[in-house]
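>>> Generate a structure from the sequence data that follows.
(4 chains)
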Number of protein chains: 2
Amino acid sequence: MCWPTVVGMPLKNHPAPASAPAAADAPAPRRSDATRTAILAAARERFAADGYERATIRAIAKDARIDPSMVMRYYGSKEGLFAAVLDVDLRLPDPAAVDPHDVGRVLVSHFLDLWEENEVLTAMLRVGVTNQTGAERMQGIFRDQLSPVVQRTCPDPEQAPTRAALCASQLLGLALARYVLRIEPAVALHRQEIVAWLGPTVQRYLTAPNP
Amino acid sequence: MCWPTVVGMPLKNHPAPASAPAAADAPAPRRSDATRTAILAAARERFAADGYERATIRAIAKDARIDPSMVMRYYGSKEGLFAAVLDVDLRLPDPAAVDPHDVGRVLVSHFLDLWEENEVLTAMLRVGVTNQTGAERMQGIFRDQLSPVVQRTCPDPEQAPTRAALCASQLLGLALARYVLRIEPAVALHRQEIVAWLGPTVQRYLTAPNP
DNA sequence: CAGCGATGTCAACCTATGTTGGCAAACAAG
DNA sequence: CTTGTTTGCCAACATAGGTTGACATCGCTG
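Okay, the predicted model is just below:
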């Protein structure tokens, strides 16, 4: 019988069952890797464009030019596929490495890069809004990636969660208006305008004394 | 045969077909009005809680303690029901009536009221993110209700759309984090904290000179 | 009471979709 | 070449959900 594959380990895109004890960390490439990544890419686009429910496995499979049953074999279920898509690393900059007066602007700029480099974040937001799993994933990213960085930036570590939440509200709100709802003037904004307007806001949420 | 009812006029919750030319503006109350509003209330909650796809007509009907086919009779289709739910009036205050230095705080405060008075806005956001109709409705509200108010507040009317979009990004972002994604610290924030933090931000987006 | 529209229930249809199992072709090992 | 494994496709199942049409009931009107 073939592998029950990825079921049970949906968090990493390239599992390494290590059938032969060859190199301790070489992922033992399989012939089907191309298919796997094709599925993942198609899924990312569909989830980003349609959200969880409307992104059908059949449509994703069609985009990836394979049979729907392949999705099941390699990712176990629709939930599993979705979990594999959402393996996101924000690669946030180390606040210690940037001018303390520029943290706001740097953060905004970095987020714009993230949203525009591919559609993972759009997918996560679209799904997170109607899907429990997606919402939890976003909470996790907030907690594990944004909050710690904010903690090393703001004056009183006590307030880090609150300040991080305020930053998140502004950054997510822009993404929502610009990339998801496509509210016209938000789409029309130029990159440097966004940085110039939101940078000080985020900066204030990070470092200003309590209002 | 009974009425093809609301189909084709989904925008108002209480249509007035005026079968008898009684009073020119009395909506001619029907015996079924209770059912209609029950459906609407149940639909609002379901759409708010589950989004468009997962909010099934069957579930809504069950909540309203009626048969699914009634929903079809009174609202024509699921889309029609949804359109009826989203008849939203933000009742934004006239900016001329408030202290120009307080517009930001007043707006934030007003939005908090709106989000907490019932679940219509949550429903609209949840649906707008995955549903074209919903997104268009949000764009419409932005254009017809928020933008005009901003126009009468900000210095250069040219910039009104941009400034309105910035305000929307912050207000929607907070709602997203607090009421939809339920990011913990955003939920924990007290009302006056939100007003104190976001008020100045919105104020700046409205009236500050170009950054 | 008879007739009629409005209101409500029930059962069924039809499509879309997640999911499963069997089978064929490609490929690697012996 | 033979055998076992991997990769892929196809057909089918089961279910859920929007939608429809037939029928019962109620309340009003003549």
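>>> quick one, what contacts A:A59?
A:R46 (CB atoms under 8 Å, 6 or more residues apart in numbering or on different chains). Every C-beta, even on glycine, is put in place using the N, C-alpha and C of the backbone.
>>> next one: A:L171
By CB under 8 Å, 6+ apart, the residues touching A:L171 are A:L107, A:V108, A:F111, A:L198, A:V202, B:G173.
>>> what about it, distance to B:N118?
As for A:L171, its distance to B:N118 is 28 Å (criterion: CB to CB, to the nearest Å).
>>> Narrow the contacts of A:L171 to those in helices?
In helices, defined here by DSSP state H, the members of these are A:L107, A:V108, A:F111, A:L198, A:V202, B:G173.
>>> Kindly indicate which of those residues lies nearest A:C154.
A:V202 (11.3 Å; CB to CB).
>>> Show the pLDDT at the closest one.
pLDDT, A:V202: 98.
>>> Now for the residue nearest to A:F47 when sequence neighbours are not counted, how many residues are close by?
Among residues not flanking A:F47 along the chain, A:A123 sits closest, at 3.9 Å (CB to CB, 6 or more residues apart in numbering or on different chains). Residues contacting A:A123 under the criterion other CB atoms under 10 Å in any protein chain shown number 26.
>>> Contacts only, for A:A123.
Neighbouring residues of A:A123 by CB under 8 Å, 6+ apart: A:R44, A:F47, A:A48, A:V85, A:L86.
>>> Angles on the backbone of the third one, please.
When quoted as degrees, to the nearest 10, the phi and psi of A:A48 stand at phi -70, psi -40.
>>> just the helices in chain A please.
Here chain A has its helices, by DSSP H, at A:33-54, A:57-63, A:68-75, A:78-85, A:103-117, A:120-128, A:132-141, A:147-151, A:160-175, A:184-188, A:191-207.
>>> burial of the nearest residue to A:T122 once chain neighbours are set aside, as a residue count?
In this structure, A:T122 finds its nearest non-sequential neighbour in A:A48, 4.1 Å apart by CB to CB, 6+ apart. Other residues near A:A48 come to 22 when the count uses other CB under 10 Å.
>>> Now for the residue of chain A found nearest chain B: which residues touch it?
In chain A, no residue comes nearer to chain B than A:G173, which is 1.9 Å away by CB to the nearest CB. A:G173 makes contacts with B:A168, B:S169, B:Q170, B:L171, B:L172, B:G173, B:L174, B:L176, as judged by CB under 8 Å, 6+ apart.
>>> Need the max-distance pair from the contacts of A:A123.
A:A48 and A:L86 (11.0 Å).
>>> shared neighbours of the two, anything?
Contact criterion CB under 8 Å, 6+ apart; residues shared by A:A48 and A:L86: A:V120, A:A123.
>>> circling back to that earlier point, by neighbours, which of the contacts of A:G173 wins?
Scoring those on neighbours with other CB under 10 Å, the highest-scoring entry is B:S169 at 30 neighbours.
>>> A:P68 contacts A:A43, correct?
No - between A:P68 and A:A43 no contact is recorded; they are 11.9 Å apart, counting by CB atoms under 8 Å.
>>> out of these two, which sits in the busier spot?
Per other CB under 10 Å, whichever of A:P68 and A:A43 has more neighbours is A:A43, with 25 against 14.
>>> ok, now which ones touch that one?
Applying CB under 8 Å, 6+ apart, we find A:A43 in contact with A:A55, A:I60, A:A64, A:V71, A:L81, A:F82, A:A84, A:V85.
>>> So what's the predicted local confidence for it?
98.
>>> most surrounded residue in the contacts of A:A123?
When neighbours are counted by other CB under 10 Å, A:V85 leads those with 29 neighbours.
>>> OK, contacts around that residue?
A:L40, A:A43, A:R44, A:F47, A:V120, A:A123.
>>> and with 6 Å instead?
Residues in contact with A:V85, defined by CB atoms under 6 Å, 6 or more residues apart in numbering or on different chains, are A:A43, A:R44, A:F47.
>>> Enumerate the residues of chain A near DNA strand C.
Residues of chain A lying close to DNA strand C by CB under 7 Å from any atom of the strand are A:31, A:54-59, A:68-69, A:72, A:77-79.
>>> so what pLDDT did A:P29 get?
At A:P29, pLDDT is 74.
>>> Look at it and say how many residues are nearby.
When neighbours are counted by other CB under 10 Å, A:P29 comes out with 9.
>>> Give me the distance between it and A:R36.
A:P29 is 11 Å from A:R36, where distance means CB to CB.
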